[in-house]
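S.K.: Fold the following and give me the result.
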Amino acid sequence: MILTVTLNPCIDKSSVAETLKPESKLRCTEVVNEPGGGGINVSKALRKLETASIALFPSGGHNGDMLCSLLREADLEFHAVDTKVETRENWIVLETSTNHQFRFTFPGRAVQEETMITLIDHIRSFTPSYVIASGSLPPGLPDYFYGLIVKNAKTVGARCIVDTSGPALQALQGKGAYLIKPNIGELCKMLNVEWLDKNEVPDAAQQAIRDGFAELIAVSMGPDGAWLMSSDEKYFAAAPKVEKKSTVGAGDSMVAGMTYMLQQNRSLKEVISFGVACGSAATMNAGTQLFHKADAERLFAAMG
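M.R.: Numbering: from 1, shown residues only. Down below sits the predicted model:
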């Protein structure tokens, strides 16, 4: 069983406007509300791959109720821990005149650490085979919190995949996650180096593996593709050329695609290729729709 963990969930509100102009009344289309946040997006993507998961997250207030309602409508299995504080919301606006997407991301409110400890206790009770912890930390939680999730996942024999950034990612050193997904800039910070050439990425990632960050490291490079490294293997997947409409959820789609293949014990080459295919397929759709399975499978097949 796959358990996704979202520590800072949200309602993603998307709309469309012809042009964004200051000091003007902007005429927008009807708002589309969708459940969001890293792990929840991964669960949504896994559902598109016809793979079951349980989404675990804190929620509260009117937005928290809406989040749970939207997940029920999507027929996604979930478990929400009540926070007593309002769940955050994000805004995504597409400007049709330029095809530029504007993403307004808000931090959310501080959540009591005791509430999050309760959430961690639930990880053990679900006894998953994979735990996917994805997204930002809410205000007030220590940077090492993802390390606690890794530790508790290991106690029930689960492989823990973490997709985060900044100090929370750097705090994973020595915690031994199963897989992490930094970009090149984040990999530089992990190794305390100023700059890495694309050709230096595999060796740098394998150094991070030796430093105890994870058993596997996937380095995402957006339209340039991605690398996947273990301590003794390295594979590159070039990103297919597609018409980009939105980048929302592309990284979460990539994580879902990789987990889907890992669960089937597929080769690391297939793992990274299908992950890139899912991420690329997600960019083909506007708003927060993620990807269509048929698009991901077609791109994967074309990648050889």
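S.K.: part of a helix, is residue 142?
M.R.: No: the assignment for residue 142, made by DSSP: H, G, I helix; E, B strand; the rest coil, is coil rather than a helix.
S.K.: oh, and call the first residue 27 from now on, that's how I've got it
M.R.: Okay, residue one is now 27; in that scheme the one you just asked about reads as residue 168.
S.K.: got the contact list for it?
M.R.: residue 139 (Cβ atoms under 8 Å, 6 or more residues apart in numbering). The C-beta positions use only the backbone N, C-alpha and C, and glycine is treated the same way.
S.K.: Now it, what are its backbone angles?
M.R.: Reported as degrees, to the nearest 10, the phi and psi values for residue 168 are phi -70, psi 150.
S.K.: How about residue 272?
M.R.: According to degrees, to the nearest 10, residue 272 has phi -160, psi 150.
S.K.: Likewise for the one 10 residues further on?
M.R.: The main-chain torsion angles of residue 282 are listed as degrees, to the nearest 10 and equal phi -60, psi -40.
S.K.: Now do the same contact list for it.
M.R.: Per Cβ under 8 Å, 6+ apart, neighbours of residue 282: 68, 71-72, 74-75, 77, 304.
S.K.: What is the nearest of the residues you listed to residue 265?
M.R.: residue 304 (11.3 Å; Cβ to Cβ).
S.K.: Confirm that closest one sits in a helix?
M.R.: Yes: under three-state DSSP, residue 304 sits within a helix.
S.K.: before we move on, what SS does residue 110 have?
M.R.: coil.
S.K.: sorry, back to before: would you check which pair of the contacts of residue 282 lies furthest apart?
M.R.: 77 and 304, at 11.7 Å, using Cβ to Cβ across the contacts of residue 282.
S.K.: Overlap in contacts, the two.
M.R.: Common neighbours of residue 77 and residue 304 (Cβ under 8 Å, 6+ apart) are 282, 286.
S.K.: Assign the residue most central in space within the chain to helix, strand or coil.
M.R.: Centroid-nearest residue in the chain, with Cα atoms, centre = their mean: residue 278, separated by 3.4 Å. At residue 278, secondary structure determined by three-state DSSP is helix.
S.K.: Who are the contact partners of it?
M.R.: 64, 67-68, 70-71, 160, 189, 316.
S.K.: how far away is it from residue 72?
M.R.: 10 Å (Cβ to Cβ, to the nearest Å).
S.K.: Do a quick rundown of the helices in the chain.
M.R.: 64-74, 87-99, 139-152, 171-181, 192-196, 210-217, 227-236, 276-289, 294-308, 319-328 (DSSP state H).
S.K.: What is the second one packed up against?
M.R.: Using 3 or more Cβ pairs under 8 Å, 6 or more residues apart in numbering; DSSP states H and E, the elements in contact with helix 87-99 are strand 36-43, strand 58-62, strand 79-85, strand 104-108.
S.K.: How many neighbouring residues does the closest residue to residue 62 other than its chain neighbours have?
M.R.: Spatially, and ignoring its direct neighbours in sequence, residue 62 is nearest to residue 38 (3.6 Å; Cβ to Cβ, 6 or more residues apart in numbering). A count of nearby residues for residue 38, using other Cβ atoms under 10 Å, gives 24.
S.K.: Can you check the pLDDT for residue 38?
M.R.: Note on residue 38: pLDDT of 92.
S.K.: just to revisit the earlier point, can you redo the helices and strands packed on helix 87-99 as TSV, where the extra columns are distance to residue 234?
M.R.: Output for the helices and strands packed on helix 87-99, formatted as TSV (distance: least, Cβ to Cβ, whole Å):
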stretch	distance to residue 234
strand 36-43	29
strand 58-62	29
strand 79-85	27
strand 104-108	32
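S.K.: Quick check: which of these is nearest to residue 150?
M.R.: Short answer: strand 79-85, nearest of the helices and strands packed on helix 87-99 by Cβ to Cβ, at 11.4 Å.
S.K.: quick one: strands adjacent to that closest one?
M.R.: strand 28-31 (parallel), strand 104-108 (parallel) (DSSP bridges).
S.K.: Who are the contact partners of the residue lying closest to residue 297 once chain neighbours are set aside?
M.R.: Nearest residue to residue 297, sequence neighbours excluded (Cβ to Cβ, 6+ apart): residue 287, at 4.3 Å. Contacts of residue 287 were listed using Cβ under 8 Å, 6+ apart, and they are 296-297, 300-301.
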